[in-house]
Each structure stands twice: as structure tokens, then as C-alpha cells.
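Undergrad: Output the structure for:
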Amino acid sequence: MKNAKVNIIVGIVILGVIAYFFIDNSWNSIVEKEVHNKIESLGGEVIEINRIDVKSTPFKEDKVGGIYFQIIYEKGGQRKVAYYRRHKSLNIKDVPSKGAPVEWII
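TA: Got it, this is the predicted structure:
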């Protein structure tokens, strides 16, 4: 009986880890697409996208939180830096281009 409970708990933990990585990977692809769309709409080309801590950005810390990115891009032969904040949401379909809250510092 004890082994059955342990197996159930281990199974739930494993499923949770798999779900976390699936959702995290989905968010990363959504963010990458949104970043490329925004920078390309400004006439730039994305060089690098880095997930960073809020303390490394010009955003003020607040209770909204979110996921922060530093984008290095090239425009007109010059390298530039932009910052992007994706607000926290549990809805995977909550895409910025469809009205989800995001912030840019370009």
C-alpha cells in the first residue's frame, strides 16, 4: 500500500515536470515570434534574445512581475538593445499580438 502511494506521487511529479517543460517551451516560441515580428516591423534584424532578471533591465520592479528579455538587434548597420517584458499569464493562447499585456523599451 505504501509503495502504491509513493508510485502515484512520483508519477504526479513526473507529469508536472513534463507539463512545465512543455508550457515553458511553448512560451519561448511565442516570445521569440513576437520579438522577431516587432523588431522586423521597425526595420531591424534580431541578433540575440536573452532571458534576464528584472534588475538587469530598465523596467521598474513591481508586483505584476513577468518574464524579461534583452534583445540585441541590428538596424542600419548599428547594434542596438531593446527590452521586453511579458506579463505572467497561465493562458498559453494569451499572445501579445492578440492583446495580451506586454511592454517594450526600445
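Undergrad: This protein: strands as residue ranges?
TA: In the chain, the strands defined using DSSP state E lie at 45-52, 67-75, 78-86, 102-105.
Undergrad: contact partners of the last one?
TA: When you say that, I think you mean strand 102-105. Residues outside strand 102-105 that contact it (CB atoms under 8 Å, 6 or more residues apart in numbering): E34, K38, T57, P58, F59, A82, Y83, Y84, R85, R86, H87, P96. From N, CA and C alone the C-beta is placed, and that goes for glycine too.
Undergrad: Also the second one?
TA: Counting by CB under 8 Å, 6+ apart, strand 67-75 makes contact with 27, 31, 35, 39, 42-54, 56-57, 59, 79-86, 88, all of which sit outside it.
Undergrad: Give me the buried subset of those.
TA: Using 16 or more other CB atoms under 10 Å as the burial test, the contacts of strand 67-75 include 31, 35, 39, 44, 46, 49, 54, 57, 59, 82-86 as buried.
Undergrad: Helices of the chain, start to end?
TA: Listed in chain order, the helices of the chain (DSSP state H) span 2-41.
Undergrad: Run through it and note the low-pLDDT ranges.
TA: Of all residues in the chain, those with pLDDT under 70 make up the ranges 1, 20-27, 62-65, 88-101.
Undergrad: try it again with 50
TA: For the chain, residues meeting the criterion pLDDT under 50 lie at 97, 99.
Undergrad: picking that back up, determine which two of the buried ones among the contacts of strand 67-75 are furthest apart.
TA: G44 and V54 (23.6 Å; CB to CB).
Undergrad: Would you format the contacts of strand 102-105 as CSV with distance to K75 included?
TA: Converted to CSV, the contacts of strand 102-105 look like this (distance: CB to CB, whole Å):
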residue, distance to K75
E34, 18
K38, 12
T57, 20
P58, 19
F59, 22
A82, 10
Y83, 15
Y84, 16
R85, 21
R86, 22
H87, 26
P96, 21
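Undergrad: Return the distance of E61 relative to V54.
TA: As judged by CB to CB, to the nearest Å, E61 and V54 stand 5 Å apart.
Undergrad: hmm, back to that, now, which of the contacts of strand 102-105 sits nearest L15?
TA: Once CB to CB is applied, the member of the contacts of strand 102-105 that ends up nearest L15 is R86, at 25.4 Å.
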